[in-house]
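In: using only what follows, build the 3D model:
(3 chains)
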Amino acid sequence: MNKEKNNSLIFSVIILSIIILSVLLGPLLLNQDPVSQSLQNAYEKPSKLHWFGTDKFGRDIFARVLYGGRISFLIALMSVILSMFIGIPYGLISGYVGQKLDAVLSWFINLFMAVPQFLLILVVIAVIDENTVVWVILIIGLFSWMDVARLVRNQTLSIKELDYILAERVIGVSQLRILLRHILPNLIGPVVVSATLMLGNVILIESALSFIGLGIQPPTPSWGNIINDGRHVLIDGWWISVFPGAAIFLSVLCIHFIGEYIQEKQII
Amino acid sequence: MDSRDAQKNKAELSFHDVCINFNFPAFLRKKTKAVLHNINFSIKAGESFAFIGESGAGKSTIGKIILGLYKPGAGKVIYQGLSLDSILTTKLSWYRGQCQSIFQDPKASLSPKMKIKELLTEPLILMKSAAKADYDEIIRIQLEKLGLKPVLLQRYPHQLSGGEAQRICIVRALLRNPKILICDEPTSGLDISTEFEIIRLLKSLQVNNRLTLLFMTHNIYLLPHIADNVGIMYKGELIETGPVAKILNYPKHVYTQKLIQSSRYN
Amino acid sequence: MRTYILKRILSGILLVIGLLLFTFFLVRLSPGNPASIGYDPLKSSQSMSRLEKVWGLDQPVHTQFYAWVTGILHGDFGRSYSNHKPVTELLKQTIPNTLLLTVPALVIQVVVGILLGLIQIIRHNTWLDRFISSFTLFIYAIPAFWLALILIMLFSQKFGWLPSSQMISFSYDSLSLWQKFLDRCVHLLLPVLTMSLTSIGITSRYIRNGLVDIMDKTYITAARARGLSEKRIIFKHALRNTLVPVITVTGQYFPVLISSSVVIELIFSWPGMGRLVVLSSYARDYPVIIACTFLMAVFVVLGTLLADILNAIVDPRIRLQEKV
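Out: Sure, this is the predicted structure:
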């Protein structure tokens, strides 16, 4: 059982590292340009020259997938960090102060969670009418902190009743120090798991957004909008949609396997 | 001079008609806390006072009131002639140095992700009286006094035995130079041999450091070893108080009689 | 019991009030004037101010909010900016279609989820258990829209077995009743498959974990000690207790289902609410966007409320605990 888990962890880490490394370094080594068009090369099948084929403008899909990966990973990472920066302090304060403030803060969590996350992000992007990378990061991050906040809040609520917190209070340790040095370190485990899973989910959300045309706009490649490029040529240009989709699938799968592993290690 | 001191020492800490009632609805309650009815007692400086009672009788609640963790609903708590209410609002950090506590489960009362060394440095930082360079020395001396090895400093709480952990808790409390030490079931998580080591240790602290001990337990057989005076708690009421020998030999209340009887057969 | 349910309902009402405020002010975030969107720039400013008047945009904010809320209470969500139809009419057309898609998907996903969870418990710690665990992680990682494209590529474009869009064929009206039914089913197949397949992962994992917790309980150990067979224990003792996780996951799953319906309806040109939201987002048709967002959120609130109440009825311990 454990051996298999270790194997899947090792595989996940290796595959994810390959993806991340090629996304980071690939564009430097590759002499294909992700946006330059050459119409005479349109719709070429995967070949030695174009590993993943070309699209209707003759752009190299492999180069586009690598560049798109940079953007997808950047958005996922930054928006997860942003939502952690909101969610962790929010949950800590809500859980530690408790009572009326907690009731109000929890109500806000419930309010934001009532609107289905993808819908919420989609609508806000549509309303604000901004599709640049920074805005996509901001909007996804600003509407993804609720899960973490609730997790941290519940953990804080139960930890603050524990004996050692009472003991610290009796010793005379300040509230802030109790919060930062005695509560925070003890809930970081579940938060890491949740952040990992969220990383996968944000990749899925961003790609779906870009796919329906409300996320990253072409010609800037993102995994989602490359898939959209191939949407109407599924038979004659299957490579356009299949490869970026496989990249999303593999990345999210590896991230989930890693998250699952961290979770189990902490329980045992 | 002596007589005046004695006067002052007469009541280091006293409770006057302290009550806790819960009149808010049941679904708001997190844990069922014991209710207290008109608790009255006073403790002299340097004395060891034990509260005996079943779990839920209100012993821990009294301890937590003294520590300022619960607020009494009615009544007054007086410490050194000052009301606890005003102490907690105006002189809290001073009071934290006066009154310290150890708990039932020593391992659970040490922050799990911190090394023992960090945990012991914490009270010193708060004291501000010692220079940073002296911290290690002060800690080493205290550890030695309680028969603990310095190796423990590099460990985490879960790597300690129950007895070691409780001693560490005691060291932590002592580092703040308290006048009162509240011991809430300090030995019920330990095995019998360790239990008596800790009891002896506490007793010697009372005598040598002139500590006022407040001792909460459900084990009546510990009384003669630790306490000068005793109060019997039953369902939130303090039904009987007096010197240990007197209560053990001439119990007045029926409940006390039963309690003493049942402990004989154990 | 009654106080618990009342409390839940009260918090639900509070949330709906919050949602009213939230969705209303969401649109205030938008840069520019809605009256200027989608209209000929050559049109005079006069006609623009007439439009503003029609939509009440010249009124102060609180008057607009009051008008909006009273409108909703009368079932009136205003008019679409792009085709001037009442939003309520658009909703009446699209909501049944969305339900036609999501309800079968939800049923399939819960039933299959329970089955997979049970198989994993009966064959606990065997290769089958591990296989299903990995499988559920696999399908959870597939982007739904990509899976939809691949299914369309294979089943409708390559083999030509199934239709890839719309709810009915062009010749629908000339079909017999039975053929009509079949036609609908055939059109449902791919979207429902995509939707349930990508979400079975979460459901079955949740149910499995719930079952594993139950199987560790003392009373199960006691039943084992009494010599009951493992299958009998599962069917007599454990299954009864899966009800709570099933209800919870179904309630919690509602928002995810709605989110995934958005993309799937768009790909399969399914004339439902999700597609309506996306199309209105392209057109910046704010009244429609707000109405859909608000309604979907209200569905979610109702879903969780219902799940909470059902759970409280099924499991008395729940109402004794304070929950978020």
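In: which other helices and strands does the one helix or strand A:Ala149 maps to contact?
Out: Per DSSP states H and E, A:Ala149 falls inside helix A:146-159. Identification of packing neighbours for helix A:146-159 by 3 or more CB pairs under 8 Å, 6 or more residues apart in numbering or on different chains; DSSP states H and E yields helix A:61-97, helix A:99-114, helix A:184-211. Glycine gets a C-beta too; all of them are placed from N, C-alpha and C.
In: and the second one, anywhere near chain C?
Out: In this case it means helix A:99-114. Yes: interface with chain C: helix A:99-114 contributes A:106-107, A:109-111, A:113-114 (CB under 8 Å from any CB of the partner chain).
In: would you agree B:Ile39 falls within a strand?
Out: Yes: checked against DSSP: H, G, I helix; E, B strand; the rest coil, B:Ile39 lies within a strand.
In: could you report the pLDDT at it?
Out: You'll see B:Ile39 listed with a pLDDT of 88.
In: contact partners for it?
Out: Applying CB atoms under 8 Å, 6 or more residues apart in numbering or on different chains to B:Ile39 gives the contacts B:15, B:17-19, B:58, B:62, B:75, B:237-238.
In: most neighbours among those, which one is it?
Out: Ranked by the number of neighbours (other CB atoms under 10 Å in any protein chain shown), the contacts of B:Ile39 place B:Ile62 first, at 30 neighbours.
In: my read: A:Pro221 touches A:Ile71, true?
Out: Yes: counting by CB atoms under 8 Å, A:Ile71 is a contact partner of A:Pro221 at 7.0 Å.
In: so for these two, which sits in the more crowded spot?
Out: Set A:Pro221 next to A:Ile71 and count neighbours by other CB under 10 Å: A:Pro221 wins out with 27 against 22.
In: helix, strand, or coil at the more buried one?
Out: coil.
In: returning to what we had before: highest neighbour count among the residues of helix A:99-114 next to chain C?
Out: Neighbour max across the residues of helix A:99-114 next to chain C (other CB under 10 Å) = A:Ala114, 26 neighbours.
In: redo the helices and strands packed on helix A:146-159 as JSON lines? Include mean pLDDT.
Out: Formatted as JSON lines, these follow (pLDDT from 0 to 100):
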{"stretch": "helix A:61-97", "mean pLDDT": "92"}
{"stretch": "helix A:99-114", "mean pLDDT": "90"}
{"stretch": "helix A:184-211", "mean pLDDT": "91"}
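In: show me what the helix or strand following the helix holding A:Ala149 is packed up against.
Out: Heading C-terminal from helix A:146-159, the first helix or strand you meet, by DSSP H and E, is helix A:163-171. If you count contacts as 3+ CB pairs under 8 Å, 6+ apart, helix A:163-171 packs onto strand B:99-102, helix B:116-127, helix B:162-174.
In: can we see that at 7 Å?
Out: helix B:116-127 (3 or more CB pairs under 7 Å, 6 or more residues apart in numbering or on different chains; DSSP states H and E).
In: next, the angle from the helix it packs on to helix B:162-174.
Out: 20 degrees (axes from the mean of the first three to the mean of the last three CA atoms, to 10 degrees).
In: just the CA trace of helix B:116-127, in CSV.
Out: Backbone C-alpha positions of helix B:116-127 (Å, rounded to 0.1, in the frame of the first residue of the first chain) are rendered in CSV as follows:
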residue,chain,number,x,y,z
ILE,B,116,11.4,22.8,25.1
LYS,B,117,14.1,25.5,25.1
GLU,B,118,11.8,27.9,23.2
LEU,B,119,9.0,27.1,25.6
LEU,B,120,11.1,27.8,28.6
THR,B,121,12.5,31.0,27.1
GLU,B,122,9.0,32.4,26.6
PRO,B,123,8.3,33.3,30.3
LEU,B,124,11.8,34.9,30.5
ILE,B,125,11.2,37.2,27.6
LEU,B,126,8.0,38.3,29.3
MET,B,127,9.7,38.9,32.6
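In: if anything else comes up later, I'll come back, but that's it for now.
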